[in-house]
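Trainee: can't give you the sequence, but here's the structure:
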């Protein structure tokens, strides 16, 4: 029998701890080795039990989850899945947690918590399983200072960049977009993210990037120097309208179990922009985006997949590489430069 994944649950609610334990213990490959009501007890149990994965509540007494996570990643790095409240404040804290090194998160509702956790059982199992196999990657804490960036001349009237990501993607997208200058081609982004979190994600990127970063709106023009984040729970597509590209939002069914779907975005960009597009597929679990990247490459577009070494999970980019959809396979810190080089070609 293969070794089971050892899991430590950290949550101040005994009811929540037992519910999460019950969900995880239903899986033959999981073993819940301990439960902790606060970070101080968790710290001792980590030393004693050496778990493979930690589930961590954001809001706890004695020490908040973010402070504990920061200390943990500095002193004893390990895969962490955050349990976060499904609120605007919870979204901001969750994005902080991802920037500190958490692999992923599960959103829990404040109301009807028991039913909410039960309905999220499949998601909890999947994300803990992904975390157990994920790669811990150190990211730069802050982007380069805006003052040192210089603008470059791009064919901005006929170039468009399409980006897709999932697990590990919020930080990978931050690193990519923060390296783009203020006159970069218009950029559209699909990240697998819940509806309550996408607007906060766009606002956070807007504060640190030279480009303007906006939450995509239906019918909004795609302008140079702007990036548009797909709303959670809605597909983002790109269509031509006269001399301009515009964002179109669709409430159609999930694709590859995802909504928004990277394949939906990439397919629409392939149809609308063809070889004028540049496709970027970043870290993520599964295969969403692989066929869409292939569609882009088939039109003559430049396509790039993030390499395995810099990906938290090399599922989506790996699937694209396997079918030959990527023109190049690059470390994350090289992707922005190559995309900008290709965008500046006559």
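Mentor: Good, I have the coordinates. Source: prediction; values computed, not measured.
Trainee: low-confidence bits of the stretch 51-200 of the chain, can you list those?
Mentor: The model of the stretch 51-200 of the chain has pLDDT under 70 over residues 86-89, 109-113, 139-157.
Trainee: mind listing the strands for it?
Mentor: Ranges of strands within the stretch 51-200 of the chain are 53-57, 80-85, 104-108, 160-165, 186-191, based on DSSP state E, counting those that start in this stretch.
Trainee: quick one: contacts of the last one?
Mentor: Under the contact criterion Cβ atoms under 8 Å, 6 or more residues apart in numbering, strand 186-191 has outside partners 156, 159-166, 169-170, 173, 177, 180, 198, 201, 211, 216, 222-230, 236, 238, 245, 247, 260-262, 264-265, 269, 289. The C-beta positions use only the backbone N, C-alpha and C, and glycine is treated the same way.
Trainee: in helices, which of those fall?
Mentor: Among the contacts of strand 186-191, the ones falling in helices (DSSP state H) are 169, 170, 173, 177, 198, 201, 262, 264, 265, 269.
Trainee: most neighbours among the residues you listed, which one?
Mentor: Using other Cβ atoms under 10 Å as the neighbour criterion, residue 262 leads the ones in helices among the contacts of strand 186-191 with 37 neighbours.
Trainee: contacts only, for that one.
Mentor: Counting by Cβ under 8 Å, 6+ apart, residue 262 touches 164, 165, 166, 190, 192, 281, 284, 288, 289, 292, 316.
Trainee: what bridges to the closest residue to residue 282 other than its chain neighbours?
Mentor: Of all residues not flanking residue 282 in the chain, residue 165 sits nearest, at 3.8 Å (Cβ to Cβ, 6 or more residues apart in numbering). Beta-bridge partners of residue 165, counted by DSSP bridges, are residue 191.
Trainee: and residue 165, what is it in contact with?
Mentor: Contact analysis of residue 165 by Cβ under 8 Å, 6+ apart lists 172, 173, 189, 190, 191, 192, 262, 281, 282, 283, 284, 316.
Trainee: okay, now residue 194: neighbour count?
Mentor: Residue 194 sits with 15 neighbouring residues when counted by other Cβ under 10 Å.
Trainee: was I right to think it contacts residue 104?
Mentor: No - checked against Cβ atoms under 8 Å, the pair residue 194 and residue 104 is beyond contact range at 11.5 Å.
Trainee: show me how the chain divides into domains.
Mentor: Split into domains by automatic domain parsing, the chain comes to 5-133, 146-343.
Trainee: what sits against residue 296?
Mentor: Contacts of residue 296 (Cβ under 8 Å, 6+ apart): 162, 266, 269, 270, 277, 279, 303, 325.
Trainee: confidence score at it?
Mentor: For residue 296, the model assigns a pLDDT of 98.
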